[in-house]
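Novice: Fold the following and give me the result.
(2 chains)
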There are 2 protein chains.
Amino acid sequence: MTTIQDFTSQYGLVKKIDAFGYLDYLKANPDAPRKHGKIVLVTADTPLKASRGEGKTTTTIALIDALNKRGIDAAAVLRQPSMGITAAGSKGGASGGGKASLTHPELIDWGLTGEMAAIAAAQNLLVSFAEKAIDDGKLDTILVPRVSEVPSRSLRSITVDAGKNNVAEKVVLTPTSELMQIVCLSRSMDEIGQRVAKMIAGTKDGKAVTFGEFVDLWRITGILSDAVKPALTETVNGSPVYVHGGPFANVSIGIPTLVSVEMACSLHDVVIVEAGYGADAGAQKWLDIACREYGAQWPSAAIVVTRASTWRDDPELAWRYPFHVDRLEKLDIPTFPLINLWEGEDDQVPALRETAAELGFRTPIVGNLFRDGGEALAPQLDGFVEALSNGSMPAQPHSHKGMAIIENIRWVAEHAYGVPADRVVLKDGFADSLGAASALCADAGFRLDDLALVAVKSPATMTDNDRAPEDERTVTLKKVEVHAGAGLVHVNLTSSLTTPMPKIV
Amino acid sequence: MTTIQDFTSQYGLVKKIDAFGYLDYLKANPDAPRKHGKIVLVTADTPLKASRGEGKTTTTIALIDALNKRGIDAAAVLRQPSMGITAAGSKGGASGGGKASLTHPELIDWGLTGEMAAIAAAQNLLVSFAEKAIDDGKLDTILVPRVSEVPSRSLRSITVDAGKNNVAEKVVLTPTSELMQIVCLSRSMDEIGQRVAKMIAGTKDGKAVTFGEFVDLWRITGILSDAVKPALTETVNGSPVYVHGGPFANVSIGIPTLVSVEMACSLHDVVIVEAGYGADAGAQKWLDIACREYGAQWPSAAIVVTRASTWRDDPELAWRYPFHVDRLEKLDIPTFPLINLWEGEDDQVPALRETAAELGFRTPIVGNLFRDGGEALAPQLDGFVEALSNGSMPAQPHSHKGMAIIENIRWVAEHAYGVPADRVVLKDGFADSLGAASALCADAGFRLDDLALVAVKSPATMTDNDRAPEDERTVTLKKVEVHAGAGLVHVNLTSSLTTPMPKIV
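Specialist: So this is what the prediction gives:
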């Protein structure tokens, strides 16, 4: 009998799985034994700053350990941390901690089995071929950025071909690249090739030119051959954890690869998908991009992680956590608050529970997950497990394809940030940027409004002025960028950083 | 019983071996069963241009297949091809061809299991930390280049921090980096850490500052944890092939990792080490750097590969091939000419053999290795096998440490390029460059003359004017660059390219 083992290879201390092949097998063999796991979204409060995590990964790890302890077959799908974060060291790794850890966190944090590096090489190779296309007279401008695996302050702004043509370029962190988005959203290597072919390389006489017009696609797919396979590792308690695809829901889509989630759902009853930074970034993108536009499964439940200090110690920002919980509940997703305690906070539990009750939350799950791991959660999960077992498989949501980009971003601002349409402001230049993007798409033979919307924003804020009273908060739109291969259009809010290249700290 | 299997992990379609661990085990267990394989150096004629290979890898693969067919336990150690070459596509892969192929050439050509990418990330991370050191007032200038996995014309010269400090920087291909040299030359992760600590990051008030003064070395060794393990693949006929470490003997040391060769020698009776481009680059560096200064084993025999067209079709350059063969013979290395025929050249064999006899060569090995593989070689190897079995293990050569750099380069010019000391010319500015390098080393507490010499040159020429009559040929020295961590000093000849960043073609 064919099983997932036939698609699994040992890869040093982790395993890699040919998810494309396995999902093809399931499609061709509809009677093959499989599961139809439900998805739980683990997302978070909006962090106070980008470098401070609420503990989504720690929670995700503790949660599957707790569920498995209760006899429920649960797995997690994590995004691969950016070495830009682990290298910088300010945030530490992104693979849990303490009793809620992976067996080989150092591998996950420091490049796994080369997935991110392969995507970096392939994206940079596209830039090299674009340069050659300039030499060959096929391109005038290059619109794809270079990428780097490690952050470097000085790469925020560079001039290449210095002393000759002095071309201004930008370098972004690998996970934010269009190629990473393509890897996350594609369900076959053929689809990756087709999407790379549709990427807009640059312009010639003002018209869009795609990579399909001049690049040997086999070189790109060749580099990616192992990178498209999710890695399988496990928690220190033996729960399975798939790691695949790019982080950074603030400047990109911030979701794991769709195939890693679909594969996990065919193998386990409950699949925890981690999406962050906060719910305004990660959950919004899982729901409105992955589910709404790319056929991912709607979550059967959600957990919104916060730290006591994030939720309550800054009264002006305390509206954000209940906003996230309410928003998900309003979407009929049973949503459980989870408060991830740090050392010395145990005595706050009664007060936290009281506040949660006042806000009408479901009974919150509270624990020091670093110190106590899944043990601390297992006894608190009755309500969560009941909600999961009661819920039917949710339906797919409607696509927003064809909705004007401005209407779409207004819809996001209202639903995900709590800012009504009339307080979504267009910055000077936004209309020009939108017009140029629209023309670029028209050149390339498709409509801008048929792309899925990616709101590019600060990870630590939801609006222009989160500290203002609710009826004064605004969202300002700055510019538009087309990722035609990924099928996405980025709309930068003014809260976003100008370039996603952090300074090493 | 402990065996190499205990140090071997499956890594997708190839295996990876903890060579550091295995060699430590052998050191701690001197009675453990092991072999003491002899090394055969496969090197080549100087190619007519850099993008044209003579067929060293094809020869190496055919040769181990032929030896194994004859019942001799032979393995090869190859350098990992640069994706900069395979991506560019002009030279094709570097993993043999036709019947003399590896089982998974696409893996070898396109990033293997991420070794090169990890080295790139680690070297670029060093640059990022150097930038931070500038912010922190610990550095004024940065002397380490960034690296790229793929070639990009425009990166030959870049300005970073554009619009602010406008710092001129260079980007080189990963295999040419000092960190690659350190990986190739080190025999433990501790040694790698110590060598990284000694790398000169830049200067502060004109004095050398090393990375050991401000970088967390565990981050660098963490990134390299899997990259230091040689990969094991095989030929289509099942002969073992270890792949590890950087190419490019023209701009760097161009040798595989020393540990991969030492490990292979403990496991097989004959170990073929490939070193190129030509003998003036690859063999010179294996003999004078790896053997003379870093304790590598002196070869028991050599094979010098040429193509009929390289050797004979350009009369002005026809002196180069017999020069290489003679030079190695004079070093008491039994040296076998090997002529790698291309399609349509079979009828040239008698004439080629005649020329070889006139030149006093040993009986040449001749075959179309792409078409016929090891089958074509096996019957021709009697003399080669006899030379190998007769030869005793050669002694280690004397170190040149302490010899003045200029004397050392004159010695190399005379022995490896056939240009006597009085025709080694110093270009304007060379003396200044030498003086500055010497002062930099003195600051850092060691002597320039104690570093091993790396001649940086064109892969396709041996002198300033290879086409001139022998007594008019010169070698001109351009500048000096210190790689203190690797223990190397680069001396650039004027024939070298200004930057090892090819244009994609």
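
Novice: Now do the contacts for residue A:8.
Specialist: Residue A:8 makes contact with A:15, A:16, A:17, A:18, A:232, according to CB atoms under 8 Å, 6 or more residues apart in numbering or on different chains. C-betas here are computed from N, CA, C, even on glycine.

Novice: if I look at it, how far off is residue B:103?
Specialist: Distance of residue A:8 to residue B:103, computed by CB to CB, to the nearest Å: 20 Å.

Novice: Pick out the residue of chain A closest to chain B.
Specialist: Nearest to chain B in chain A, going by CB to the nearest CB, is residue A:114, at a distance of 2.6 Å.

Novice: Touching, that residue and residue B:110? I think so.
Specialist: No. Applying CB atoms under 8 Å, one finds residue A:114 not in contact with residue B:110, separated by 10.7 Å.

Novice: Inside strands: which ones of the contacts of residue A:8?
Specialist: Counted as lying in strands by DSSP state E, out of these, are A:15, A:16, A:17, A:232.

Novice: and the third one, what does it touch?
Specialist: Taking CB under 8 Å, 6+ apart as the contact definition, residue A:17 lies against A:4, A:7, A:8, A:9, A:229, A:230, A:231, A:232, A:242, A:263.

Novice: Could I get the pLDDT score of residue A:109?
Specialist: Here the pLDDT value assigned to residue A:109 is 84.

Novice: just checking, it touches residue A:78?
Specialist: No. If you go by CB under 8 Å, residue A:109 and residue A:78 don't touch, sitting 11.5 Å apart.

Novice: neighbour count winner among those two?
Specialist: Neighbour comparison, residue A:109 and residue A:78: the larger count goes to residue A:78, with 29 against 22 (by other CB atoms under 10 Å in any protein chain shown).

Novice: now that one: how far from residue A:443?
Specialist: 39 Å.

Novice: And residue A:274, by the same measure?
Specialist: 38 Å.

Novice: Check residue A:106 too.
Specialist: 47 Å.

Novice: Please apply the same query to residue A:28.
Specialist: For residue A:28, the distance to residue A:443 equals 39 Å [CB to CB].

Novice: These two: who's more crowded?
Specialist: residue A:443 (16 against 8).

Novice: Touching, the more buried one and residue A:208? I think so.
Specialist: Yes. At 4.1 Å, residue A:443 counts as touching residue A:208 under the criterion of CB under 8 Å.

Novice: The closest residue to residue A:374 other than its chain neighbours: how many residues sit nearby?
Specialist: Closest residue to residue A:374 apart from its sequence neighbours, by CB to CB, 6 or more residues apart in numbering or on different chains: residue A:65 at 2.9 Å. Residue A:65 has 27 neighbours, counted by other CB under 10 Å.

Novice: Check which residues of the host helix or strand of residue A:65 are buried.
Specialist: Assessed by DSSP states H and E, residue A:65 sits inside helix A:56-69. Buried residues in helix A:56-69, counted by 16 or more other CB atoms under 10 Å in any protein chain shown: A:56-69.

Novice: so what strands line up beside the helix or strand following that helix?
Specialist: With elements assigned by DSSP H and E, the helix or strand that comes after helix A:56-69 is strand A:74-78. Looking at strand A:74-78 with DSSP bridges, its partner strands are strand A:240-243 (parallel), strand A:270-274 (parallel).

Novice: how far off helix A:56-69 does strand A:74-78 point, in degrees?
Specialist: Relative orientation of strand A:74-78 versus helix A:56-69 (axes from the mean of the first three to the mean of the last three CA atoms, to 10 degrees): 160 degrees.

Novice: any bit of the next helix or strand after strand A:74-78 sitting next to chain B?
Specialist: Where DSSP H and E defines the elements, the next helix or strand beyond strand A:74-78 is helix A:83-88. Yes. Counting by CB under 8 Å from any CB of the partner chain, chain B has neighbours in helix A:83-88: A:83, A:87.
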